[in-house]
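[1] sharing a sequence plus its predicted fold:
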Amino acid sequence: MLNPDEDTEWNDILRSKGILPPKPKETEITEEEIVSIVEKTIKQKTQNDGKKELDQMNLDELDELEDSEDEYVLEEYRRKRIAEMKAIAEKSKFGVVCSISAQDYVDEVNKAGEGIWVVLHLYANGVPLCNIINHYMASLAQKYPQTKFLKSVATTCIADFPEKNCPSIFIYYEGNLKKQYIGSVELRGDKLTKDELEWMLGQSGAINTDLKEDPRPKIRDKMQNDLQFCDF
């Protein structure tokens, strides 16, 4: 029996005579579509297998996956990851809190460099909250080495700086002042926690905090709740 879809010389003759309809054209797939299909397949595979997303994998995990998946696509991801890691490594050059004097101020703060955030703590000796903040900053400097953390005795850095304004935190980006917290009231006094300080620095842009919610007590909500139980 004649199969009109069969690719034979006789069918070609019949098509040329108009007896059979022309062969349907094969759909061409572009390189972009191939890459997209492969990426989608890999993503589905990693999700179904309970594995990490490609963007979350380290270089060793990408190398291992490369053995069983499309080499070209994975190599592109690998290059991207290497570039991202290099960019982070170049900025991760601090990691400690450095003490500065007035003579260091211009070079360390105003000329910190392109893309550099600076957190400067001006403190006074013998003030408990200043000691607490210095302790917190030492931990945050290790956690966020892309940010430059500095501290200085206030009067050493700025002559006649009022001790009542200690602690004070000044946040700079590329040498420009972006945010400041002056005095213990703005810094929640001795009740300040490390998470609260991290949140405040994150909100200013100085660090990319992984905290999702403001850890500070919602004082206004608490006052409203207390008022509901007041007997007037």
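    Received, thanks.
[2] drop to CA atoms for contacts and neighbour counts, all remaining ones
    Noted.
[3] His121 falls within a helix, correct?
    No: the assignment for His121 by DSSP: H, G, I helix; E, B strand; the rest coil gives strand, which leaves it out of any helix.
[4] ok, it to Val97 distance?
    For His121, the distance to Val97 under the criterion Cα to Cα, to the nearest Å works out to 10 Å.
[5] between the two, which is the more surrounded one?
    His121 (26 against 23; other Cα atoms under 10 Å).
[6] contacts only, for the closest residue to Lys148 other than its chain neighbours.
    By the measure of Cα to Cα, 6 or more residues apart in numbering, the closest residue to Lys148 outside its immediate chain neighbours is Val118, 4.7 Å from it. Contact partners of Val118, counting by Cα atoms under 8 Å, 6 or more residues apart in numbering, are Val109, Ala112, Thr147, Lys148, Phe149, Leu150, Ile171, Tyr172, Tyr173, Ala206.
[7] pipe the residues you listed into JSON lines and attach distance to Asp190, pLDDT and neighbour count per row.
    Written out in JSON lines, the entries for these read as follows (distance: Cα to Cα, whole Å; pLDDT from 0 to 100; neighbours: other Cα atoms under 10 Å):
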{"residue": "Val109", "distance to Asp190": "27", "pLDDT": "94", "neighbour count": "24"}
{"residue": "Ala112", "distance to Asp190": "31", "pLDDT": "89", "neighbour count": "19"}
{"residue": "Thr147", "distance to Asp190": "25", "pLDDT": "95", "neighbour count": "26"}
{"residue": "Lys148", "distance to Asp190": "24", "pLDDT": "95", "neighbour count": "27"}
{"residue": "Phe149", "distance to Asp190": "21", "pLDDT": "97", "neighbour count": "26"}
{"residue": "Leu150", "distance to Asp190": "21", "pLDDT": "97", "neighbour count": "24"}
{"residue": "Ile171", "distance to Asp190": "21", "pLDDT": "97", "neighbour count": "23"}
{"residue": "Tyr172", "distance to Asp190": "25", "pLDDT": "97", "neighbour count": "22"}
{"residue": "Tyr173", "distance to Asp190": "28", "pLDDT": "96", "neighbour count": "22"}
{"residue": "Ala206", "distance to Asp190": "23", "pLDDT": "96", "neighbour count": "24"}
